[in-house]
Each structure stands twice: as structure tokens, then as C-alpha cells.
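Visitor: sequence unknown, structure follows:
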């Protein structure tokens, strides 16, 4: 199976740019997820790969084969639609058999393949039913079965889980993951759900307004967001972004509210950064799980007042006011606090993210420790 | 579904008046058609005391009514087939394919159906005479199709638009050419729309009078509405036979509507309500 390569692909409808200068490689056998808010162009990318819409510029390759202008049937891709798009006048069996029938495969092959795929997905008992007679989860599995029966080169999935209820969604998610581990078909998956992207993917591309914001492994994206958009979009509850200043010095100091934090160059960046010559406005990103509520309040240099608490089962999320900012922080599961109560916070300085306040881009510094005042 | 509840007295009254208004003429024709000639002119009118099928017999024996029925039937059936075939072929691209100026095309189609028949009958007559098609089924088939087509295109376009777009896209990815996707997936799903549009086309052609009257001359192509209009003889009006003929032509229409009325409703309201 080949790589899928996008080379400077653009798509516009009239004057409206949907995809801009999209360059990306999905490697053979990879589970690759495009994630972004609605309207970011992620579904359009799938349609371009499937050939359901023509590209406006650029090229798409499967391996060395340029498929930019091929008709959908000549691309050997299969797609699972958000609506499932099962053929309502056909039974489950006929739905599964359809891609093979259209391609004029032998009846013997069809009679062998349909039960095999049905068995793989647990659909044996439903083959004689029509799509409207089966449940949402079953429809979803029929849609997956119809896509994989042909053993396509590339598997496209457009938000295949978003019509399922929460419980079924998590269950089907792990089924899809297991299926991919078994079949190793190159998969391009589209979702707006960052959690889905993190849990399923080998690689993730975060899109916003038709532009790729960052490409990387789920951990990469989560641990080292390239800009404030990615930092905000990935992770739930959302990252805290506080205004701060980068102060000059041999090694710069970060000032956030009343707090000062020692910085060192980010070791992952090859060239050591230059210290700013003048104080620079920055945004400081702190994930809620990296700042924890510590009691009693006196033991910590950071004191805040509780606004509200949200028990989440395994932990409690506390929204607190610190200086003038509202921060989401983690607390133990059994923690109880009343509003306006004063609490201390413990911050893991090494887990800070620094972004330029103007461009929103990641700065090559990382925190070391709190500076004692 | 709301639970059924008893209609109010007012609603029943209004319904009764409307039903009486629309059904009484038909009932009257039915009664007239089975009365002997002598009873027809009696005042006050009586219920048929001696029901008879004389008029029906006369209809088929003294007039070439079978031939006229065949004309009507053939023209209506072929008009329906032509309107559905052409209508579907036009509706698919209008509903699904990326074509510039779709709205303009649909507007023009609608515009065509705005002309009153009386405006077009003259020019059409000249064209049909020039083509040598006068007094043939072709003359009626062509003119009826041009009249039924705009409505058919509109009904079918709306119906196709209502089908989820992903179905067509899924068919394409599954390996269909646009034509295969149309024939194998969309067409079977359009049955209600086709039924509704087809019945409308059939009814239009079956009851059409002006074109049929103008373009036909003999029993070779004369249709039922024209034949009925030509029944009155020189010296007498044969009410009984006119009534019998009216009943005979109403029956197929009634059968069609009863058979398909659910399709007609769902076909016509496609687009109005999301499922």
C-alpha cells in the first residue's frame, strides 16, 4: 500500500478559500487524523482524496501515481460517511456486496467475502435486514464493512462516530482502532473531537481555516503545541492561557502576575534562542492537570480564591481566581471547597508553554522553577 | 403521530358541504347514465326506478368509443412515460451535478408552464400541420409532453434534492460512474416521486381538451374529452350516453388515485417536511 501525498493542494469555492497550500504525507499503514473546528476544511480534504470534488490547485499522489484528476472509481479508496449513507432500498447483505458488484467481481467471491466481513464486524444476524430496521451502531458497522470489503488502498472516514451516543462512541472507537491494528490499511480520519484524535491516531494534523497548524504524534501535539490555537484546541478541559512578560537578562525571567519563573532554552530546539533585548509580551499556557490545588493555602507562593468546582469522578476541576485571571486547576477527587475559599496552587514550572503574544507561536524557552522573590 | 381525535361538528359540516359540492355532479352523472331515456326528462328528477345499461351499450356500439378510449389511453400512457424519462434525465443533473445556471434553467422551465394553452395552440397547430402530424397520436403525445414536462421536472428535481447527498457520493466512491450511481441508487429511491409526477402527467393528458380538440380530426386520434364534446347530434343531445361516457373515463382516474394516493401526497410534499 502506498503513501498518500498532498503537494500544495488548494481548494476554493469562488473567492472562498477552503484549503490553502496543503502539503502533507500520510505514510503507508498509518492512522492519520485531521482534526479541527467545523469549517476548517478537514472534510474537504477527504472529498479531494476521494475525488468527489476537484482540487483547485496542487496534486495528490498515491505512492508515485498522480491521482489528482482520476474519477473516484479509479482511485481505489473507500469512505465511511458521517451519515453512513447506507442504501436504504438494499438489505445489509446487498449494501456490503454493492462495491464488489459494481466492480463486476465474481459471484463466488462476493458470496465468500460478504459473510467474512459480516463476521469481522459482528453483522451475521443482520444480513437480511434493511438499514432502517437496525440500530445506529449497527448501521455504523455496516458502513465500515461496506468500505473495507474491497480492501481499498486508502480508507477515508468522515466523522464516523459523531452520530453515536457517548457510550457507543467510545466502544466503536476502540473497535476501529483494533480493526486498523489488524488490517493496517492507510487510514485518513476526520474528526472535530480532539479526544478521538488523540486516542486513535498515529499522526495528527490540526487544521484551522484551511491551514495546517501542526502535524505530529498525539503526544507531540499535546505536549508541545506549536501555537496557541493548537494549545487551546487539543486537551479538555482547555489549557489556561495567561498574559505575562519575558524579562531581559542573561537567562530570561518570566513574569506572570506576581510570580517570576526562571527559564532555560528549550533543549528540543537545535539553535539556542537569543534572550530578548526588551521585555516581550507573552502568553503562558498551563494545562489544568499541571497546576494543582494545594492545601493549606499558606504553604504555597500562589494563593487563589475558589470560584467553582466540577467533580469529574477520578479528579475534581477547580476554577479559581488568581490575581486577575481565572484558572482551571486540578484537585483530588474527594476535594470539596466552598466558593471564595482561599487555596494554594502548586505549579509544575517545567510544563509551562510559552507563546509570543502577538503571533501566538511557541517560544523556544521552557520553565525551570519558580524564582523566590 | 398525534393521537386521532374526533373532529368537531363544525369541521364535519364544512367537510360535508365541500364533499356534496364536489361529488354531487358525479353522482348525478352516475344516476343519469343508468336511467332510461324516458326518465331523463322527467321533472322533478327521480331516482332511477328502472336502472339500465342501455347507454353504456350504445356508447360502445353506436359510437367508436373503444377506439377513442384506446387513443386516450395510449396518448396518456406515452405522455407519462416520455415526461418521466425526459423529466428524470433533466432532474438528475439539475439536482446533483455541478452545473452553472441551474436556477436559470429551472426558472425557464417554470416560465414555460406559465403560458396558457390557448396562447400556444395556434403556433403549435401550424408546426404540427407542417410536420404532417395532424390527427395522429404523435401530435398529442408531443404537445402533452411539453405541457406535462415542466411540472415533472420540478417535482423530480425537488425529490432528488431531498435524497441525502451522501448516497450519491457513497455510490461514486463504491465504484459507480455518475450514470450507474443514478440508475442503481437514486432511481430506485425516486419511486414515490416518479409515481406522483407520473400520475399528474397522466391526469393532465387524460383530461386535456384544447390541444386534443385542435389537433385531431377523426377517430384515428380523437380522445375521450373531445369525443364527449362531439356527442351532441344535430337534433338531440344524448344526455344518457354523455353521462355514461363521463363515468367510463372517470373510473381509471379514480382507480389510479386510490391506488397511489399515499405516493402522491408523499411525492408532492417532498421538500416541504424534513423526515
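Guide: Looks like it arrived, so ask away. These figures come from a predicted structure and were not determined experimentally.
Visitor: Poorly predicted segments of the stretch 101-250 of chain A, please.
Guide: Along the stretch 101-250 of chain A, segments meeting pLDDT under 70 are nowhere present.
Visitor: and what of chain B?
Guide: If you take pLDDT under 70 as the line, chain B has these spans: B:1-5, B:42-46, B:233-235, B:264-275.
Visitor: How about the stretch 101-250 of chain A: which residue is closest to chain B?
Guide: Residue nearest to chain B within the stretch 101-250 of chain A: residue A:102 (4.0 Å; CB to the nearest CB). All C-beta atoms are positioned from the backbone trio N, CA, C, and that covers glycine.
Visitor: Show the contacting residues for that residue.
Guide: Contacts for residue A:102 (CB atoms under 8 Å, 6 or more residues apart in numbering or on different chains) come out as A:73, B:171, B:174, B:175, B:176, B:180, B:184.
Visitor: Apart from its chain neighbours, what residue comes closest to the first one?
Guide: Counting by CB to CB, 6 or more residues apart in numbering or on different chains, residue B:175 is the residue found nearest to residue A:73 once chain neighbours are left out, at 4.4 Å.
Visitor: what about that neighbour, which SS state?
Guide: In terms of secondary structure, residue B:175 is coil; the call rests on DSSP: H, G, I helix; E, B strand; the rest coil.
Visitor: Report the contact partners of it.
Guide: Residue B:175 touches A:72, A:73, A:99, A:102, A:103, A:150, counting by CB under 8 Å, 6+ apart.
Visitor: about what we covered before: now render the contacts of residue A:102 as a markdown table, adding distance to residue A:127.
Guide: Shown next, in a markdown table, are these (distance: CB to CB, whole Å):
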| residue | distance to residue A:127 |
| --- | --- |
| A:73 | 25 |
| B:171 | 20 |
| B:174 | 18 |
| B:175 | 21 |
| B:176 | 22 |
| B:180 | 24 |
| B:184 | 20 |
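Visitor: ranking the residues you listed by neighbours, who comes first?
Guide: Highest neighbour count within these, by other CB atoms under 10 Å in any protein chain shown: residue B:174, with 28 neighbours.
Visitor: For chain A, which residues are neighbours of chain B?
Guide: When proximity is defined by CB under 8 Å from any CB of the partner chain, chain A lies next to chain B at A:47, A:50-52, A:71-73, A:77-79, A:81-85, A:87-89, A:98-99, A:102-103, A:146, A:150, A:156.
Visitor: Please produce a ChimeraX select command covering the buried subset of those residues.
Guide: Those of the residues of chain A next to chain B that count as buried under 16 or more other CB atoms under 10 Å in any protein chain shown are selected in ChimeraX with:
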select /A:47,50,51,52,72,73,77,78,79,81,82,83,84,85,87,98,99,102,146,150,156
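Visitor: Go through the residues of chain A next to chain B and flag which are in strands.
Guide: Secondary structure from DSSP state E places A:77, A:78, A:79, A:156 of the residues of chain A next to chain B in strands.
Visitor: Could you report the separation of the residue nearest to the first one when sequence neighbours are not counted from residue A:63?
Guide: Closest residue to residue A:77 apart from its sequence neighbours, by CB to CB, 6+ apart: residue A:154 at 4.5 Å. Taking CB to CB, to the nearest Å as the criterion, residue A:154 is separated from residue A:63 by 11 Å.
Visitor: ends of stretch A:62-75, how far apart?
Guide: Stretch A:62-75 stretches 9 Å from its first residue to its last (CA to CA, to the nearest Å).
Visitor: Could you pull up the mean pLDDT of it?
Guide: For stretch A:62-75, the mean per-residue pLDDT is 92.
Visitor: Can you tell me what sits against the lengthiest helix in chain A?
Guide: Longest helix in chain A by number of residues (criterion: DSSP state H): helix A:166-183. Residues from elsewhere that reach helix A:166-183 (CB under 8 Å, 6+ apart): A:31, A:120, A:136-137, A:140-141, A:144, A:148, A:157, A:160-162, A:164, A:187, A:196, A:199-200.
Visitor: I'd like to know which of these are part of strands.
Guide: Reading strands off those with DSSP E, I get A:31, A:157, A:187.
Visitor: Helices of the stretch 151-300 of chain A, start to end?
Guide: Using DSSP state H, counting those that start in this stretch, the helices of the stretch 151-300 of chain A run over A:166-183, A:194-200, A:218-223, A:228-233.
Visitor: before we move on, the earlier item: neighbour-wise, which of residue A:154 and residue A:63 wins?
Guide: Neighbour count, other CB under 10 Å: between residue A:154 and residue A:63, residue A:154 has more, with 24 against 13.
Visitor: give me the beta-bridge partners of the residue nearest to residue A:357 when sequence neighbours are not counted?
Guide: Nearest non-adjacent residue to residue A:357, counting by CB to CB, 6+ apart: residue A:281, 3.8 Å away. Here residue A:281 sits in beta bridges with residue A:245, as judged by DSSP bridges.
Visitor: leaving aside the residues next to it on the chain, what's closest to residue B:30?
Guide: Leaving out its chain neighbours, the residue that sits closest to residue B:30 by CB to CB, 6+ apart is residue B:247, at 5.7 Å.
Visitor: any idea how far that neighbour lies from residue B:41?
Guide: Distance, residue B:247 to residue B:41, using CB to CB: 20 Å.
Visitor: Tell me which of these two has more neighbours.
Guide: Neighbours were counted for residue B:247 and for residue B:41 using other CB under 10 Å; residue B:247 has more, 19 against 9.
Visitor: Give me every residue in chain B lying close to chain A.
Guide: Within reach of chain A by CB under 8 Å from any CB, chain B has these residues: B:164, B:166-167, B:169-177, B:180, B:184-185, B:188-189.
Visitor: Go through those and flag which are in helices.
Guide: Within these, residues falling in helices by DSSP H are B:166, B:167, B:169, B:170, B:171, B:172, B:173, B:180, B:188, B:189.
Visitor: show me where the stretch 1-150 of chain A has helices.
Guide: Under the criterion DSSP H, counting those that start in this stretch, the stretch 1-150 of chain A contains helices at A:42-50, A:92-102, A:107-120, A:136-148.
Visitor: Run through the neighbouring helices and strands of the longest one.
Guide: Okay, so that is helix A:107-120. With contacts taken as 3 or more CB pairs under 8 Å, 6 or more residues apart in numbering or on different chains; DSSP states H and E, helix A:107-120 sits against helix A:92-102, helix A:136-148.
Visitor: Check the offset of the shortest one from the chain's centre.
Guide: Spelled out, it's helix A:92-102. Centroid separation for helix A:92-102 versus its chain: 32 Å, with CA atoms, centre = their mean, to the nearest Å.
Visitor: ok, now the last one?
Guide: If you compare the mean C-alpha spot of helix A:136-148 with that of the full chain, they lie 22 Å apart, counting by CA atoms, centre = their mean.
Visitor: Go through it and flag the buried ones.
Guide: Here helix A:136-148 shows A:137, A:138, A:139, A:140, A:141, A:142, A:143, A:144, A:145, A:146, A:147, A:148 as buried, counting by 16+ other CB under 10 Å.
Visitor: ok, and the closest non-adjacent residue to the first one?
Guide: The one in question is residue A:137. Distances taken as CB to CB, 6+ apart put residue A:168 closest to residue A:137, at 4.8 Å, once the chain neighbours are dropped.
Visitor: I'd like to know how far the one you found sits from residue B:196.
Guide: The gap separating residue A:168 from residue B:196 is 38 Å, by CB to CB.
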